[in-house]
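**Q** Fold the following.
(2 chains)
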Amino acid sequence: DVKVTQSSRYLVKRTGEKVFLECVQDMDHENMFWYRQDPGLGLRLIYFSYDVKMKEKGDIPEGYSVSREKKERFSLILESASTNQTSMYLCASSPMYEQYFGPGTRLTVT
Amino acid sequence: QKEVEQNSGPLSVPEGAIASLNCTYSDRGSQSFFWYRQYSGKSPELIMSIYSNGDKEDGRFTAQLNKASQYVSLLIRDSQPSDSATYLCAVRGGNTGKLIFGQGTTLQVKP
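**A** Numbers count the residues shown, from 1 in each chain, chains lettered A, B, ... in the order given. Predicted structure coming up:
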């Protein structure tokens, strides 16, 4: 079975803090993705990576950055958290086309 | 803007009935199609993938693809209350690995 893990299920941070969300997959997948999911807006792609040290912007990259130093790990960074970044953050891993999601991190920024 | 459209529902069916979920997409170059199930508060779970025209069956689930009409559907036979969830349609276009997700259809299966 594909296993994608995320560092936290729930996280509460203050406005202006730097926030790190980590995602790890154990299936040697090339591709990894970060989404956020909000009611009424669906899943929106923030960043994705096709290989180590490779990254590409998704549809809503503003306010976020990513890091992929090792194939199995893809980190999402909120440089200075803001209240409008309160959301469910989902990481996905993909061997080619289908994507497998981690359990998600519900982030609240106060 | 490439789009994937789903009726948000809720779609309500009695236990034991067939639930039919539909999805249309705008990009004729789309190559791969996926259905995900998402329970409230949980992450999406891949339940079906389909790549060519026709039907693909897996247990109680059947995915149907019609590229000429640009729609993909998911049939759930013998629906159970445990099937109550939001079903997301996702489409991959061209040579990109990115998926475009629909907003999802909420299914309610009433005992």
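
**Q** Across the sheet, point out what pairs with the closest residue in space to B:Y51 that isn't next to it in sequence.
**A** Distance criterion C-beta to C-beta, 6 or more residues apart in numbering or on different chains; nearest residue to B:Y51, sequence neighbours excluded, is B:S32 at 5.4 Å. Heads up, the C-betas are built off the backbone N, CA and C, glycines and all. Legend: beta-bridge partners of B:S32 under DSSP bridges are B:R92.

**Q** okay, now B:S32: neighbour count?
**A** 18 (other C-beta atoms under 10 Å in any protein chain shown).

**Q** Helix, strand, or coil at the residue nearest the centre of chain A?
**A** In chain A, the residue lying closest to the centroid (C-alpha atoms, centre = their mean) is A:W34, at 3.3 Å. Per DSSP: H, G, I helix; E, B strand; the rest coil, the secondary structure class of A:W34 is strand.

**Q** need the contact list for B:Q108.
**A** Residues near B:Q108 by C-beta atoms under 8 Å, 6 or more residues apart in numbering or on different chains: B:9-13, B:84.

**Q** cool, and A:P95?
**A** A:27, A:29-31.

**Q** 10 Å - rerun?
**A** A:2, A:25, A:27-31, B:97 (C-beta atoms under 10 Å, 6 or more residues apart in numbering or on different chains).

**Q** Could you do A:K55 as well?
**A** Taking C-beta under 10 Å, 6+ apart as the test, what A:K55 contacts is A:32, A:34, A:47-49, A:61, A:65-68, A:74.

**Q** So which residues on chain B come close to chain A?
**A** B:1, B:4, B:6, B:8, B:31-34, B:36, B:38, B:41-46, B:48-49, B:51, B:88, B:90, B:92, B:96-104 (C-beta under 10 Å from any C-beta of the partner chain).

**Q** Okay, and which of the residues you listed map to strands?
**A** B:4, B:6, B:31-34, B:36, B:38, B:45-46, B:48-49, B:88, B:90, B:92, B:99-101 (DSSP state E).
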